[in-house]
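Trainee: coords please:
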Amino acid sequence: MIIEQLKQSGLKGRGGAGFPTGLKWEAVKNAKADKKYIICNASEGEPGVFKDFFLLKKYPEEVVKGIEIALREIDNSSAYIFLNPKYFPKLERRLKKIIGDLPIVLFKKPHGYVCGEESTLLNVIEGKPKLPRLKPPFPTEKGLWDRPTLINNVETFYQAAQIAQGKYQADRFYTLGGKIKKRGVFRLPENLAIKQILEQTGNWPNFDFFVQSGGGMSGEILTLEELERPAGGAGSIIIHRKSTDPMKLMRQWANFFMNESCGQCVPCREGTFRLNEVLKKKNFDQETVNDLLFVLGETSLCPLGRGAAVPFIGYLNKIYARKN
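Mentor: This next block holds a predicted model:
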């Protein structure tokens, strides 16, 4: 019954990929296996996104209820909450109390941003190096210890619980940050335009700005003319001043992606390193940067490398080009 409710609600994953939740649950439920797994991905390692922490702190019962519903729906299953290690001191005690005797393991192990990618997360739980796997097969077919595995974001499990209880209001949680007055997590309709979100939260800036939307560091760059669209991805909205030092901003992005790259594939390992090196120069060669971004975006193995290209391409084409 819950799978049909998920389908009818139109709920999509809130971790960034936006895959229909009901279809993912159905795929794992229908898979033939003696054992199955459910994982709540609470790795949340990207600067500028902290709604998962907000939900686990304010609504932990509802998140665990969503996981419990999945456990009941998917036979022979047990679960993990893959928690960002930085969150443990504030969340561990309460979560363990709520979990009680449920077959849910609160997973604690040092990891990084790349572990937000679902196949990397599987390797880490199995005790393997934090490297992404080739797809297909997908986790719904061959996931944790080669068993069918359901992986959803914290907010997705929260919303699944709301749907099961008839409380779902087609809303979502947005992380707002950057150069604004009221930073934080806000609950608003899921298809609300970015412009409306900023206005309704009292965060419309009184200076020239641009927006980074979707992910945090990997978010898409949008101009004022593009703010009639919804905030997709992980629901992050970051405000940047147009007067921000271009080199400082791009170096911040480049350094982050270089340090977080797992190093497994050449395009990401070498591309993020080279990008970081090129941007250290005051007068960088934009043609070289564009070539690096193309390779990163088109040939990287996992979303880290592909996502790394997104903010640079938008910023160089929409903001930097107009400044120079």
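
Trainee: what pLDDT is listed against residue 323?
Mentor: Looking at residue 323, its pLDDT stands at 65.

Trainee: so, low pLDDT: which residues of this protein?
Mentor: The chain contains residues with pLDDT under 70 at 16-17, 323-324.

Trainee: burial measure for residue 267, as a count.
Mentor: 21 (other Cβ atoms under 10 Å). For the C-beta atoms, the positions are set from N, CA and C on the backbone; glycine is no exception.

Trainee: next up, the contacts around it.
Mentor: Applying Cβ atoms under 8 Å, 6 or more residues apart in numbering, we find residue 267 in contact with 295-296, 299-301, 305.

Trainee: in three-state terms, label it for me.
Mentor: helix (DSSP: H, G, I helix; E, B strand; the rest coil).

Trainee: buried residues, stretch 199-213. List them.
Mentor: 201, 203-205, 209-213 (16 or more other Cβ atoms under 10 Å).

Trainee: the stretch 51-200 of the chain: strands as residue ranges?
Mentor: 77-83, 104-107, 149-153, 171-178, 184-189 (DSSP state E, counting those that start in this stretch).

Trainee: can you say which of those is packed in most?
Mentor: strand 149-153 (a mean of 27; mean count of other Cβ atoms under 10 Å).

Trainee: and residue 18, what helix or strand is that in?
Mentor: Following DSSP states H and E, one finds residue 18 outside all helices and strands.

Trainee: okay, now residue 273: neighbour count?
Mentor: With other Cβ under 10 Å as criterion, residue 273 counts 16.

Trainee: list the contacts for it?
Mentor: Taking Cβ under 8 Å, 6+ apart, we find residue 273 in contact with 258, 261.

Trainee: that one in helix, strand or coil?
Mentor: Once three-state DSSP is applied, residue 273 turns out helix.

Trainee: farthest pair in the contacts of residue 267?
Mentor: Greatest spacing in the contacts of residue 267, by Cβ to Cβ: 295 and 301 (12.3 Å).

Trainee: rewinding a little: can I get the strands of the stretch 51-200 of the chain in JSON lines with distance to residue 314?
Mentor: Output for the strands of the stretch 51-200 of the chain, formatted as JSON lines (distance: least, Cβ to Cβ, whole Å):
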{"stretch": "strand 77-83", "distance to residue 314": "30"}
{"stretch": "strand 104-107", "distance to residue 314": "34"}
{"stretch": "strand 149-153", "distance to residue 314": "24"}
{"stretch": "strand 171-178", "distance to residue 314": "15"}
{"stretch": "strand 184-189", "distance to residue 314": "24"}
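
Trainee: closest one to residue 226 among these?
Mentor: For those, the distance to residue 226 is smallest for strand 171-178, at 16.3 Å, taking Cβ to Cβ.
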